[in-house]
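# Please find the sequence and the predicted model below.
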Amino acid sequence: MKKYDIIIAGAGASGVFLSYELAKLDNKAKILMVDKGAPLEKRVCPIKLGKVNNCIKCEPCHIMNGYGGAGTLSDGKYNITTQFGGDLHKYIGQEEALDLMEYVDEVLCSFGGADAKLYSTANSELKTTALRNNLHLLDAKVRHLGTDRNVQILERIFNHTTSRIDTEFYSTIYEVTRNEDGTFIVKTNKGGEYVCNDLVLATGRSGSKWISSVCDQMGIALEKNRVDIGVRVELPGEIFKHITDEVYESKIVYKTDKYNDMVRTFCMNPYGEVVAENTNGIVTVNGHSYADPSLRTENTNFALLVSNKFTEPFKDSNEYGESIARLSNMLGGGVLLQRFGDLVKGRRSSDRRMGKCFTRPTLKATPGDLSLVIPKRQLDNIIEMIYALDKIAPGTANEDTLLYGVEVKFYNSRVEVDANLETKVKGLFALGDGSGVTHSLSQASASGVHLGRILAKKYAK
């Protein structure tokens, strides 16, 4: 049985920056990072390669798993803010959280992100225009790396740390037990058996069920009460150009008149593409965009999400979101696609109607009827939000605006941790999106740096 001081379960944003900080700081810790996905050079979706038209549920999903996690092949968008993207500041303090996110930005720039533009929504004229139309633009600084540049930066970080950190890909941890002396025994599907002093749970969104099972086994409290359900909107890039040119990522929140519910924009991708992703065997939708102009499309896409919080007796909010996504997969064989004009007229989109559509979809999806999938309340909220956005971006409510469904943001059960991101089980830590503490690349990465500095002191030479 091989002995390590620290085992990091998950090579997502938090795991990457934890390993980077441990490799950078002077310490004697022996470290292993384990991930169920592939190394960077093998993380290619067969849809992107043109081998298939629809998601075939690869295991593991290259979009969701592998070095860098779900953020690797995403838009490479780092939002420096505590107004959204998680609650790290509630654990370590507002100033410390922002300082760590600024530090993450410096690291990314040092590895090739310096040429990427840094946007800011503060003092933006858009904020005033939004307020005049009962819309609220949240403050953030946004560094947009683009999917292509993001991959290059992560490759450089991996090469920088690989001599210091052992890494095992295509490896799933199926058993975690604790010895009487407080050390952990970790067993993987590749036959690996390891013992460590400190175990870090950093598996991101795709590892939510696994983290929950470990916490249940160890008697660690979890909070499960939220899931966001919505659609991915795609429209001609010119409609949002005045917004994306100024702030790039516009996080706009709206409170609906009909239900008094909160709806928000999320993950805006100017001149990007819509993609399918596989989360625990369920196909949902997301968006990417690129720094290289030659890779851009004519469309902009973004999510519209309705937050759902549940009270007793129901607790499993993620199961609720999964059931809706499964229904979409059942009807569409994957992702469903509908024109906004068809939705408001109460008719399904068909191949014939899509053939007359002026907006060309960037993802091959099944034309259908989202009203058969998304509950009425959420769908009413989404429609009302589209009309509200049309006031600041005329054309949003055009008939040929495309809606892909469903997009679901699964919030991992929030793990009970302290200011060091340590659970009540000594030596067991939870960080990043997998802990439920963060919901963004910037905050997840910052949580990794925070823990890296703590563990580096513990194992100081």
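Cool, got the structure.

# CA atoms for contacts and neighbours, from now on please.
OK.

# in stretch 13-26, what's buried?
Ala13, Ser14, Gly15, Val16, Phe17, Leu18, Ser19, Tyr20, Glu21, Leu22, Ala23 (16 or more other Cα atoms under 10 Å).

# Could you list which of those belong to helices?
Ala13, Ser14, Gly15, Val16, Phe17, Leu18, Ser19, Tyr20, Glu21, Leu22, Ala23 (DSSP state H).

# of all those, which comes closest to Tyr459?
Tyr459 lies nearest to Leu22 out of those, by Cα to Cα, at 9.7 Å.

# where in the chain is pLDDT low?
By pLDDT under 70, the low-scoring segments of the chain are 225, 412.

# domains in it, as residue ranges please.
Per automatic domain parsing, the structural domains of the chain span 2-118+141-223+413-458, 226-410.

# List the buried residues of stretch 140-160.
140-155, 157-158.

# follow-up on the earlier one: tabulate the ones in helices among the buried residues of stretch 13-26 (CSV), appending distance to Ala291.
Below are these laid out as CSV (distance: Cα to Cα, whole Å):
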residue, distance to Ala291
Ala13, 20
Ser14, 23
Gly15, 25
Val16, 22
Phe17, 22
Leu18, 26
Ser19, 26
Tyr20, 24
Glu21, 27
Leu22, 30
Ala23, 29
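
# just those residues now: which is nearest Gly76?
Ala13 (11.0 Å).

# Let me see the contact set for the closest one.
By Cα atoms under 8 Å, 6 or more residues apart in numbering, the contact list for Ala13 reads Gly68, Gly69, Gly71, Gly432, Leu441, Ala444, Ser445, Gly448.

# Distance to Ser163, secondary structure and neighbour count added to the residues you listed, as CSV?
As requested, the contacts of Ala13 are arranged in CSV below (distance: Cα to Cα, whole Å; DSSP: H, G, I helix; E, B strand; the rest coil; neighbours: other Cα atoms under 10 Å):
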residue, distance to Ser163, secondary structure, neighbour count
Gly68, 18, coil, 29
Gly69, 21, helix, 30
Gly71, 23, helix, 23
Gly432, 24, helix, 32
Leu441, 25, helix, 29
Ala444, 24, helix, 32
Ser445, 21, helix, 27
Gly448, 19, helix, 29
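
# about what we covered before: so which of the ones in helices among the buried residues of stretch 13-26 is the closest to Leu222?
Ser14 (19.7 Å).

# Tell me the spacing between the closest one and Gln443.
Noted for Ser14: a distance of 8 Å to Gln443, by Cα to Cα, to the nearest Å.

# Quickly list what's touching both of the two.
Joint contacts of Ser14 and Gln443 (Cα under 8 Å, 6+ apart) are Gly432.

# and of the domains of the chain, who's closest to Leu126?
Nearest of those (Cα to Cα): domain 226-410, 7.2 Å.

# Straight-line length of the closest one, end to end?
8 Å.

# Mind jotting down where the helices sit in the stretch 51-200 of the chain?
In the stretch 51-200 of the chain, the helices defined using DSSP state H, counting those that start in this stretch lie at 88-92, 94-108, 125-132, 147-161.

# CA atoms only: put the first one into CSV for me.
Looking back up the chat, that one is helix 88-92. Once non-C-alpha atoms are left out, helix 88-92 reads as follows in CSV (Å, rounded to 0.1, in the frame of the first residue of the first chain):
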residue,chain,number,x,y,z
LEU,A,88,-16.4,31.3,-0.2
HIS,A,89,-16.3,34.8,1.4
LYS,A,90,-18.7,33.6,4.1
TYR,A,91,-16.1,31.1,5.2
ILE,A,92,-12.8,33.0,4.8
